[in-house]
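Q: dropping the sequence and predicted coords here.
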Amino acid sequence: MKISILDDYFDTLRTLACFRKLDGHEVTVWNDHTQDTDTLAARLKDTEVLVLIRERTQICEPLLKRIPALRLISQRSVFPHIDIDACVRRGVIVSSDQHAGSPSYAAAELTWGLIIAAMRQIPQQMYALRAATWQIGVGNSLRGKTLGIYGYGRIGATVAGYGKAFGMKVLVWAREASLQRARGDGHAVAPSKRAFFDSCDVISLHMRLVKETRGIVTRNDLSCMKPTAPCWSTQAGHH
């Protein structure tokens, strides 16, 4: 089969053990990104199977009409970027592993790296050292401070565990179903959104950027935070 993989920016898929499952097929990997319909139609004109990474490329009916050989779209997670109705009309199967219950360690680890870097001023300290200045401050410790998890899903729950391991108090704000899960995991939940922002030293936001979540954190929310609150982190939601 002729298989095309889009948006593999760093050409990482070839390094995965599962890539060997495509041995014997004609595989083309694109490392750049384009949303131009003409360009995509030219690249995919003979493609039978299309592999997508996250939500990077919109697959709409004008494009589908120009790639008639396509029979299968495969990707991981949610697929708001794919016109499912158009796929149905054209007989294209969309296959996605929702992985609802599995943790997302890579995103959670990167989130924790951002928190550590902000608290300990690692980028600023490195820049100062390169400029021949030794130590511009002592940074802040995490132990004993309050970590706010806004959005308690696969990533937020994992980050909350990291906070506990570092001796932080974890406070959660999310939808009611997510708050129930947080309580079940032994975490405190905020009585209100205002109390959440009032209490936290570090806030980590974990939700997908969709119409309903755009602008979910307001200027008033941020103004409620302590003047000493040094850290704000977002991950996995493209905010």
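A: Noted; the coordinates are in hand. Numbering: from 1, shown residues only.
Q: from here on, just use CA atoms for contacts and neighbour counts.
A: Will do.
Q: for the chain, which helix is longest?
A: Longest helix in the chain, counting residues (DSSP state H): helix 105-119.
Q: mind listing what the closest residue to residue 30 other than its chain neighbours touches?
A: Leaving aside its chain neighbours, residue 30 sits nearest to residue 6 (5.1 Å; criterion: CA to CA, 6 or more residues apart in numbering). The contact partners of residue 6, taken as CA atoms under 8 Å, 6 or more residues apart in numbering, are 29, 30, 31, 32, 33, 50, 51, 52, 53, 57.
Q: other SSEs contacting the longest helix of the chain?
A: Judged by 3 or more CA pairs under 8 Å, 6 or more residues apart in numbering; DSSP states H and E, helix 105-119 is in contact with helix 154-165, strand 231-234.
Q: pull out the buried members of the contacts of residue 6.
A: 29, 50, 51, 52, 57 (16 or more other CA atoms under 10 Å).
Q: strands paired with the one helix or strand residue 147 maps to, and their directions?
A: Element membership for residue 147 (DSSP states H and E) is strand 146-150. Counting by DSSP bridges, the strands paired with strand 146-150 are strand 169-173 (parallel), strand 202-205 (parallel).
Q: pLDDT check: weakest of the contacts of residue 6?
A: Across the contacts of residue 6, the smallest pLDDT goes to residue 53, namely 90.
Q: surely that residue is in a helix?
A: No - secondary structure of residue 53 (DSSP: H, G, I helix; E, B strand; the rest coil): coil, not part of a helix.
Q: hmm, it is touching residue 10, no?
A: No - taking contacts as CA atoms under 8 Å, residue 53 lies outside contact range of residue 10: 11.9 Å.
Q: need the three-state assignment for the closest residue to residue 10 other than its chain neighbours.
A: Nearest non-adjacent residue to residue 10, counting by CA to CA, 6+ apart: residue 31, 6.5 Å away. For residue 31, the secondary-structure state derived from three-state DSSP is coil.
Q: report the contact partners of residue 31.
A: Contacts of residue 31 (CA under 8 Å, 6+ apart): 6, 7, 8, 9, 10, 11.
Q: so how far is residue 29 from the second one?
A: The spacing between residue 7 and residue 29, counted by CA to CA, to the nearest Å, is 8 Å.
Q: now swap in the fifth one and tell me
A: As for residue 10, its distance to residue 29 is 11 Å (criterion: CA to CA).
Q: wait, what's in contact with the most far-flung residue of the chain relative to its centre?
A: Residue farthest from the centre of the chain, counting by CA atoms, centre = their mean, is residue 132 at 36.2 Å. By CA under 8 Å, 6+ apart, no residues touch residue 132.
Q: list the backbone torsions phi and psi for residue 87.
A: phi -60, psi -40 (degrees, to the nearest 10).
Q: I misspoke; the intended subject was residue 27.
A: According to degrees, to the nearest 10, residue 27 has phi -110, psi 130.
Q: report pLDDT for it.
A: On the pLDDT scale, residue 27 gets 97.
Q: doesn't residue 2 make contact with it?
A: Yes - under the criterion of CA under 8 Å, residue 27 makes contact with residue 2 at 6.1 Å.
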